[in-house]
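>>> please work out how this folds:
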Amino acid sequence: MQRAGGGGGADRELAGQRVGQQPGPHGDAGRAGSRPGGAGSVLEGLDPQQRHAVLAPRGPVCILAGAGTGKTRTITRRIAHLVNTGHVRGDQVLAVTFTARAAGELRMRLAGLGIADAGTGPVQARTFHSAALRNLSYFWPQVYGEEPWQLLDGQFRAVAQAVRRVGLDPSTETIRDVLTEIGWAKSSLLTPGTYAEQALALGRDLPVPAPEVARAFRAYEDLKVSGPVRMLDFDDLLGHMADLVEDVPAIAEEFRDRYRCFVVDEFQDVTPAQQRLLSAWLGKRDDLTVVGDVNQTIYSFAGAEPDFLLGFADRYPGATVVRLESDYRSTPQVVDLANVVIGAGAGRFRTAGLTLTGMRPPGPEPQLNEYADEDSEAEAVAGAVADLVHGGLDPSEIAVLYRVNAQSERIEAALEQAGIGYRLKGGEGFFERPVIRRAMSTIDRMVDGSDEATVQAGARLTDPTEVVAAIRQALEPLGLTAAEPSGAQARETWNALTALVGLAEEIATAESRPGVLPVVAGLRERAAARHAPDERGVTLASFHAAKGLEWDAVFLIGVHEGSLPISHAINAGPDAIEEERRLLYVGITRAREHLSLSWSRSRRAGGRATRRPSRFLDPVRPAGVPAAPRRSSDSSDKGRCRSCGEKLTGPMHRALGLCPDCAVEVDTGLFERLRDWRKDTAERIGKPAYTVFTNDTLAQIARDRPADTRALGRIGGIGAHKLGEYGDDVLRLIREG
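Below you'll find the model as predicted:
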């Protein structure tokens, strides 16, 4: 039997493939010539639990491996042990995982053990889809002869055509949501005929009614087989390969004769479609090693089914189950916080989860910080990042994580202001996102003369509230609905537009000039200030995008109710909320040494302090940081004290957001002098006043009256850059008072 060539990530392997391009399913030929080392070298440096997992008899074996417990080392050593002791040949092992990066890591580790030459050796380490493609390409002619097939290139275009064919809204958000639902349906082994009932039963978050999605699903499937070449999409690979193994005995026999041992990484993320393929591969055998962590189950919305991991011992009553709970990544302080957060959960995950033990030397305590508003939070985080960088920490060893991508704008601006380079993982910069580009163009048209009526209307607006209302109205056609919409893509658009309107509101409030033009100018300036991301800079990423990664220092921002857990999870019920808890756990366990969790009481300076810290922090929140009060969103709350709720009178107290009784500790004279200095400074440097210091930062200075640079640097919103830029002026004003 001729074997296919190896190597390359799944993204390269899956582009535009036709049957016959890869002549064999098993990788490059060749058995392991000489066995590396021996049992001693394979077991070297392992702790007792890892050693137990490596030496376990041929499957079934379930390795429950917590974050930082050395799971990749353990499974590669296990494969090496099985090969070295003659239980299996290297080319009879198939190891599967979920990303090309993880598969590449397995190949490199095996190469280091002498078991496989990275990417070309006898042990196959691949993603599920890559393995299915390789084998489907080889076995297809045995069933279908010369009938051609091709992997669909441009799935979005095909779904868009199907959406239009059934008369649905052809917006980008709707198309992407339908595409997501088709992927979820196939991962869950649903067809166009069974999709709607199951989606309704599970309360899927849909942009259009489930029967309409099902119609688009059917139209999409019809489109794929209407041309001269049968088209298969990414998710079809698993189902078609399972069909061949289940339905054609000769294929099943040939496949199982070649592959005798299976290893599955990240088993908590396996979908029903992947489990079906795995079961077809195995047949009646049980030579299977799985590795997973139920505490890191964060992809249920995409079809991941943790019951396969939770029920492994029931499925295989004689299975060896090993728990890896020694964390070599994080300090005991980080590990303790992670244990407390995940241990406060409820349901089946709590009893099945792992409790980690930090094995590194002690480090600093995790920081839990509350700030008055999001700008203050971002500035403080940027200042702390700058301190770490100036202290010698490589920026690439620092990450700032958030729940949704729309939260990146403020930290981008703050890092830019602090002179710290950054790189975005899994997304674009805020102002580079297509929806924000469209929104900026829409806002520009309010003042560029292309619509004279709109320009004149904008010029007549004098109140900041009216300006913001006009901008919001202009953005409504782009997806800025009054209420948060259904559908993941529509919600992402809504979050981004809401963040943009929030920026406009801050600029309008701080501006002394009336009308839309100064606000548009401020937004343009904020967008123009972005530099190209620094490839070695601080990583900015969502919690989901950070899974599998680690840094020396991690800052988790926006850890408040409505963000984590996110609002639609709160509405969806306990299971969704518990997945949000696991998401926070994943974020915490990305940190090796330095960890900070922060939240803000209000979205903007002077806003109502209605936010409270995430419920997940209740067991660890310091006594001095009470939950923020909850008030209604009634318009009568506007202009009220953010501390006691009393109505505010006078411009100074409205700027402070505090009534006279609650502002007794604030030196109001100093506050006024600081405001005058800020106005002069902003005019001198040609930037909006809020970019110098927010009102809340000025209020903290007027309250605390710091006596030196060190004390001033502790004020929220003053990072290292601003301390160097404005510190002397501020301290001079304090001394003069």
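>>> list the buried residues in the helix or strand hosting Val385.
Assigned by DSSP states H and E, Val385 falls within helix 374-390. Neighbour counts over helix 374-390 (16 or more other CB atoms under 10 Å) mark 374-386, 388-389 as buried. For glycine as for every other residue, the C-beta is placed from the backbone atoms N, C-alpha and C.
>>> which stretches of the stretch 501-650 of the chain form strands?
Ranges of strands in the stretch 501-650 of the chain, per DSSP state E, counting those that start in this stretch, are 538-542, 551-556, 591-602.
>>> could these be laid out in a markdown table, adding mean neighbour count and distance to Gly522?
Shown next, in a markdown table, are the strands of the stretch 501-650 of the chain (neighbours: other CB atoms under 10 Å; distance: least, CB to CB, whole Å):
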| stretch | mean neighbour count | distance to Gly522 |
| --- | --- | --- |
| strand 538-542 | 24 | 23 |
| strand 551-556 | 25 | 26 |
| strand 591-602 | 24 | 20 |
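>>> low-scoring stretches of the stretch 451-600 of the chain, by residue?
451-462, 488, 510-512, 514, 526, 528-535 (pLDDT under 70).
>>> helices of that one, start to end?
452-460, 464-475, 488-510, 517-528, 543-546, 567-572, 574-588 (DSSP state H, counting those that start in this stretch).
>>> quick one: which of the ones you listed is nearest His129?
helix 543-546 (19.1 Å; CB to CB).
>>> show me what that closest one is packed against.
The helices and strands touching helix 543-546, judged by 3 or more CB pairs under 8 Å, 6 or more residues apart in numbering; DSSP states H and E, are strand 398-402, helix 574-588.
>>> nearest to Ile507, of the ones you listed?
strand 398-402 (22.0 Å).
>>> I'd like the next helix or strand past the closest one.
helix 408-418.
>>> and the pLDDT at Phe98?
Listed pLDDT for Phe98 reads 85.
>>> next up, the contacts around it.
127-128, 265-266, 269 (CB atoms under 8 Å, 6 or more residues apart in numbering).
>>> give me the number of residues near Pro148?
Counted by other CB atoms under 10 Å, the residues lying close to Pro148 total 12.
>>> how many neighbouring residues does Gly311 have?
Using other CB under 10 Å, Gly311 has 12 other residues around it.
>>> may I have the phi/psi pair for it?
phi -100, psi 20 (degrees, to the nearest 10).
>>> for Asp269, see how far away it is.
Distance of Gly311 to Asp269, computed by CB to CB, to the nearest Å: 15 Å.
>>> and if you look at Leu354?
Applying CB to CB to Leu354 and Asp269 gives a distance of 16 Å.
>>> between those two, which is the more surrounded one?
Shown here are Leu354 and Asp269; by other CB under 10 Å, Asp269 has more neighbours (25 against 20).
>>> ok now do that one, which residues does it touch?
For Asp269, the contacting residues are 98, 292, 297, 299, 304, by CB under 8 Å, 6+ apart.
>>> okay, the residues you listed in a markdown table with distance to Arg732 and secondary structure next?
Below are the contacts of Asp269 laid out as a markdown table (distance: CB to CB, whole Å; DSSP: H, G, I helix; E, B strand; the rest coil):
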| residue | distance to Arg732 | secondary structure |
| --- | --- | --- |
| Phe98 | 57 | coil |
| Gly292 | 59 | strand |
| Thr297 | 55 | coil |
| Tyr299 | 54 | coil |
| Ala304 | 58 | coil |
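>>> for PyMOL, write a command that selects the buried ones of those residues.
Of the contacts of Asp269, the buried ones go into a single PyMOL selection, burial set by 16+ other CB under 10 Å:
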select buried, resi 98+292+297+299+304
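>>> could you give the angle of the helix holding Val385 to strand 551-556?
170 degrees (axes from the mean of the first three to the mean of the last three CA atoms, to 10 degrees).
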